[in-house]
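> The following block contains a protein sequence and its predicted model.
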Amino acid sequence: MNHLDLLTFARSTALNWALVIFVLGVTLRLFEIFGLGRKTDLAKPRSNSCGNGWRTMFTRSFPPEGMLKRDPVTYIAGYVFHVGLLVVIFLFAPHVEFFRSLLGIGWASLPSALVDALVVAAIVALGVLLAHRLNNPVKRMLSGFGDYLALAVTLLPLLTGYMAYHHLLFEYTLMLALHILSVELLLVLLPFTKLFHTFSVFISRWYNGDIFGRKGVAS
């Protein structure tokens, strides 16, 4: 298989299978979450439960008071990484065109130079987070294979995409194929690893805010 054959495979058969596994996996995991059910709370709600859920989704997206000073590396590098990742996924012109071809809708993209800078920032931030995890005794003890796997499969698309864009290391066709395959690996693993927090994080925040709100407790 030459480079062009590999790219064709990555953009057709491999992509189709990755999308099928991704959609089915996410659907299954969401079904498991919502299928757990919730016991009927017979107590009279002490506040607007629904409003508390939505409010917690918003407030939990920012550092609790004092935590930014206590652990600036985690919060600052974490925000830089997530913002950079979201921008490159949804606002890089070639990706916007991919979504347009897949979903039939598109949107405005950001200048490539800006996205390129944010990719570098995201890669550096991810490296900082890894170094911090390895050098912090508590975080290192709590980290397992799943944590490092999630980090690796998230880093690969950013790194290979940057290298393909700048024509680094390998011939462009091969590098682009490797980039697409790394994205497909991420799609396949996302529903079954800690990366599923992409979907579950806001569900759990809403649930915590809702259930604590009914009890009149701050979440």
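Noted; the coordinates are in hand. Residues are numbered from 1 along each chain as shown.

> which residues of this structure fall in helices?
3-11, 13-35, 49-59, 67-70, 72-91, 93-103, 112-135, 137-142, 145-165, 172-189, 197-215 (DSSP state H).

> and these, which one's lowest on average pLDDT?
Here the lowest mean pLDDT among the helices of the chain goes to helix 49-59, at a mean of 74.

> Please enumerate residues in contact with it?
With contacts defined as Cβ atoms under 8 Å, 6 or more residues apart in numbering, helix 49-59 is touched by 202, 205, 206, 207, 208, 209, 210, 211, 212, 213, 214, 219. (C-beta placed from N, C-alpha, C; glycine too.)

> roughly how far out does that helix sit from the chain middle?
Between the centre of helix 49-59 and the centre of its chain there are 22 Å (Cα atoms, centre = their mean, to the nearest Å).

> List the buried residues in it.
Buried positions in helix 49-59, judged by neighbour count with 16 or more other Cβ atoms under 10 Å: 49, 52, 53, 54, 55, 56, 57.

> now, of the helices of the chain, which is deepest in the fold?
helix 172-189 (a mean of 21; mean count of other Cβ atoms under 10 Å).

> Just want the angle from it to helix 72-91.
Between helix 172-189 and helix 72-91, the angle comes out at 110 degrees (axes from the mean of the first three to the mean of the last three Cα atoms, to 10 degrees).

> pull the CA atoms of helix 172-189 into PDB?
Taking C-alpha atoms only, helix 172-189 is exported to PDB below (Å, rounded to 0.1, in the frame of the first residue of the first chain):
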ATOM      1  CA  TYR A 172       2.600  15.300   2.900                       C
ATOM      2  CA  THR A 173       0.300  12.600   1.700                       C
ATOM      3  CA  LEU A 174       1.600  10.100   4.300                       C
ATOM      4  CA  MET A 175       1.500  12.700   7.000                       C
ATOM      5  CA  LEU A 176      -2.100  13.700   6.200                       C
ATOM      6  CA  ALA A 177      -3.100  10.000   6.200                       C
ATOM      7  CA  LEU A 178      -1.500   9.500   9.600                       C
ATOM      8  CA  HIS A 179      -3.300  12.600  10.900                       C
ATOM      9  CA  ILE A 180      -6.700  11.300   9.700                       C
ATOM     10  CA  LEU A 181      -6.000   7.900  11.100                       C
ATOM     11  CA  SER A 182      -5.000   9.400  14.500                       C
ATOM     12  CA  VAL A 183      -8.400  11.300  14.500                       C
ATOM     13  CA  GLU A 184     -10.200   8.100  13.800                       C
ATOM     14  CA  LEU A 185      -8.300   6.300  16.600                       C
ATOM     15  CA  LEU A 186      -9.500   9.100  18.900                       C
ATOM     16  CA  LEU A 187     -13.100   8.700  17.700                       C
ATOM     17  CA  VAL A 188     -13.000   4.900  18.300                       C
ATOM     18  CA  LEU A 189     -11.600   5.200  21.800                       C
END
